[in-house]
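Trainee: model this:
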Amino acid sequence: MVIVQKGRLKRKPSGGRYRQARSKRKYEIGRAPAHTKIGEQKIKTIRTKGGGKKTKVFGVKFANVLNPKDKKFYKVEIQGVVECPANRHFIRRNIVVKGAVISTKLGNAKVTSRPGQSGTVNAVLV
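Mentor: Got it, this is the predicted structure:
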């Protein structure tokens, strides 16, 4: 089954079903989420619409953490996921997404990048 990003709802406001007028289109295609886990680094480059590229990270070990006091970036090892507003189950599975709070040797840091699309984990100390 193909993952479709956009499309009409299956039900009308009255509760009746819409009948499919056409099939899915190539430009409506979506992909499964990367679910970036903490561990050995694993990266894949994917071609996107228009010939662009996205770098998906499936496994990550280090993060680029910004210290707002001295305004410097440090490459530090990720120890675990402490908090995740996107999905509470991502905490125990150690899945890193944007907005998740990760623990590092410098302290807790909030992820500001999208690891499944940008290819890196950037964070700011909390």
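Trainee: going forward, measure contacts between C-alpha atoms and count neighbours the same way
Mentor: OK.
Trainee: residue boundaries of the helices in the protein?
Mentor: Counting by DSSP state H, the chain forms helices over residues 89-93, 115-118, given from the N-terminal end onward.
Trainee: and among these, the most buried is which?
Mentor: A comparison of those by mean neighbour count, using mean count of other CA atoms under 10 Å, puts helix 115-118 on top with a mean of 19.
Trainee: Would you mind measuring from the residue lying farthest from the centre of the chain to Arg114?
Mentor: Distance to the chain centre peaks in the chain at Ser14, reaching 35.6 Å (criterion: CA atoms, centre = their mean). Taken as CA to CA, to the nearest Å, the spacing of Ser14 relative to Arg114 amounts to 38 Å.
Trainee: Check Pro68 too.
Mentor: Relative to Arg114, Pro68 is positioned 20 Å away (criterion: CA to CA).
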